[in-house]
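Trainee: starting from these lines, generate the structure:
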Amino acid sequence: MTKTRIACAVVGVLSLVAAALMAWWITPSYVARVPSDKNISRNYAGTFETLLDPQALAAGNLLGAIKQKVPMTVAQDVKVESTSGNTALVSDSRTTEAAGAKVEQTKWQYAVDRKSLEAVTSHPSSWNVIPAKGLTVSWPFGAQKKNYEGWTPETQTTTPLTYLRSEQKQGITTYVYEAKVAPTKIVDSQILAALPKQLPGSLLKLLATAGNLPAAQAAQLAQLLPTLPAEVPMAYTFQDDSTFWVDPDTGLVIDVQRNQQRIAAIALPTGTLVPLIPAVAATYETTPASQKQAADDASNGSNVISWLGVYIPIILLVLGVVLLALTAFLFWRGRRRGPTVPPAPTAGPGPAAGPGPEATHP
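Mentor: Residues are numbered from 1 along each chain as shown. Predicted coordinates:
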């Protein structure tokens with residue numbers, strides 16, 4: 001009985017300790033975080049409302065330079081390249097195509113916290129990363145109904161990610177966030193590499209009179225032309241209006257709808273930007289197939305987190321309580337019955353009578 005009580009007590013205590021470790025340490029620290037082999041691919045589709053063709057523009061072909069209503073696709077691949085403790089090196093690669101032809105390819109790398117997904121500055125010196133701030137590639141595990149700060153790689157600035165509401169998407173109760181970026185100068189070298197750095201003044205004169213610009217901008221450009229050099233420096237601004245549907249458990253984005261513009265502008269010596277035309281105006285969203293894949297990934301991740309962080313700890317907790325209660329019951333019953341006293345030995349028959357000493361002699 002004593003061995004049974006000890007065994008119940010030991011297993012009960014170990015079950016309670018294991019439940020606490022699973023719920024408050026192992027799952028938050030090692031399960032609900034970005035794994036070292038994470039690789040997420042998503043596809044988006046939409047329309048280039050306006051797309052500037054740099055080659056046609058440089059050749060002076062204004063009619064062919066500004067394309068409209070062109071089908072577009074974006075392929076995105078987010079991959080964990082390396083990890084160091086609680087920090088991950090994550091790459092965000094995107095390839096954009098217009099009617100099947102590649103128009104842009106970018107790759108950004110960030111050092112992020114593996115649980116919060118916030119960009120961090122403490123990382124191995126060998127990592128080549130953008131010094132970003134806020135959320136870069138996704139929302140954190142256990143996303144909340146609050147506003148976050150997000151990173152805009154085109155402008156290398158941050159913007160608020162505003163919580164709006166809860167909404168069903170692909171069978172998942174998602175949190176909906178909104179990002180609005182006011183016109184901000186593009187500084188990312190990968191984006192600028194695909195855009196003209198300068199344009200001939202003669203081409204701008206044609207643009208001012210060709211009817212491609214709104215009347216107010218055409219008039220402003222006409223006033224500036226006499227003061228502009230033969231080769232006019234160009235700059236570009238970026239603006240965005242996007243909505244994200246996020247699984248709160250895993251932080252995965254189930255769907256996104258984006259409305260983005262890159263505006264070509266004249267860069268005056270004073271630093272002022274005079275906007276001309278959209279170099280890019282695009283609207284696109286996650287494809288149905290990628291939405292379903294994202295929902296499946298989120299469901300699988302949520303199940304793992306729920307089992308390891310909730311269900312198994314509850315089972316261990318119940319087991320530990322039951323075993324400790326059984327230990328207490330066995331101890332109480334043993335004391336109630338009192339100590340067990342071994343029976344006294346029973347006296348047996350004495351030795352058989354035999355002949356006396358005198359009988360052994362004649």
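
Trainee: so where do the strands sit in the stretch 1-150 of the chain?
Mentor: Ranges of strands in the stretch 1-150 of the chain, per DSSP state E, counting those that start in this stretch, are 39-52, 66-84, 87-98, 101-113, 148-152.

Trainee: in contact with the residue most central in space within the chain, which residues?
Mentor: In the chain, the C-alpha nearest the mean C-alpha coordinate belongs to residue 138, at 2.7 Å (CA atoms, centre = their mean). Residue 138 makes contact with 78, 117, 251, 252, 253, according to CB atoms under 8 Å, 6 or more residues apart in numbering. Backbone N, C-alpha and C define where each C-beta goes, glycine included.

Trainee: and the second one, what pLDDT?
Mentor: As summarised for this prediction, residue 117 has a pLDDT of 92.

Trainee: residues near the closest residue to it other than its chain neighbours, how many?
Mentor: Among residues not flanking residue 117 along the chain, residue 140 sits closest, at 4.9 Å (CB to CB, 6 or more residues apart in numbering). Residues within reach of residue 140, counting by other CB atoms under 10 Å, total 22.

Trainee: tell me the most packed of the contacts of residue 138, by neighbour count.
Mentor: residue 252 (25 neighbours).

Trainee: surely that one and residue 286 touch.
Mentor: No: taking contacts as CB atoms under 8 Å, residue 252 lies outside contact range of residue 286: 11.4 Å.

Trainee: hang on, the earlier thing: for residue 321, which of the strands of the stretch 1-150 of the chain is the nearest?
Mentor: Nearest to residue 321 among the strands of the stretch 1-150 of the chain is strand 101-113 (35.7 Å), distances taken as CB to CB.

Trainee: just checking, what packs against the closest one?
Mentor: Applying 3 or more CB pairs under 8 Å, 6 or more residues apart in numbering; DSSP states H and E, we find strand 101-113 packed against strand 87-98, helix 189-193.

Trainee: now do the helices in this structure.
Mentor: 2-21, 54-58, 62-65, 189-193, 201-209, 215-224, 288-306, 312-337 (DSSP state H).

Trainee: got TSV for the ones you listed, with distance to residue 147 too?
Mentor: Formatted as TSV, the helices of the chain follow (distance: least, CB to CB, whole Å):
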stretch	distance to residue 147
helix 2-21	33
helix 54-58	38
helix 62-65	40
helix 189-193	26
helix 201-209	41
helix 215-224	35
helix 288-306	22
helix 312-337	31
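
Trainee: which one of these lies nearest to residue 71?
Mentor: helix 288-306 (16.0 Å).

Trainee: which positions within that closest one qualify as buried?
Mentor: Buried residues in helix 288-306, counted by 16 or more other CB atoms under 10 Å: 290, 291, 293, 294, 295, 297, 298, 299, 301, 302, 305.

Trainee: stretch 262-281 too?
Mentor: 262-267, 273-281.

Trainee: narrow the residues you listed to those in strands?
Mentor: 262-267, 273-281 (DSSP state E).

Trainee: which pLDDT value goes with residue 340?
Mentor: The model's pLDDT for residue 340 equals 54.

Trainee: my bad, residue 30
Mentor: At residue 30, the model reports a pLDDT of 59.
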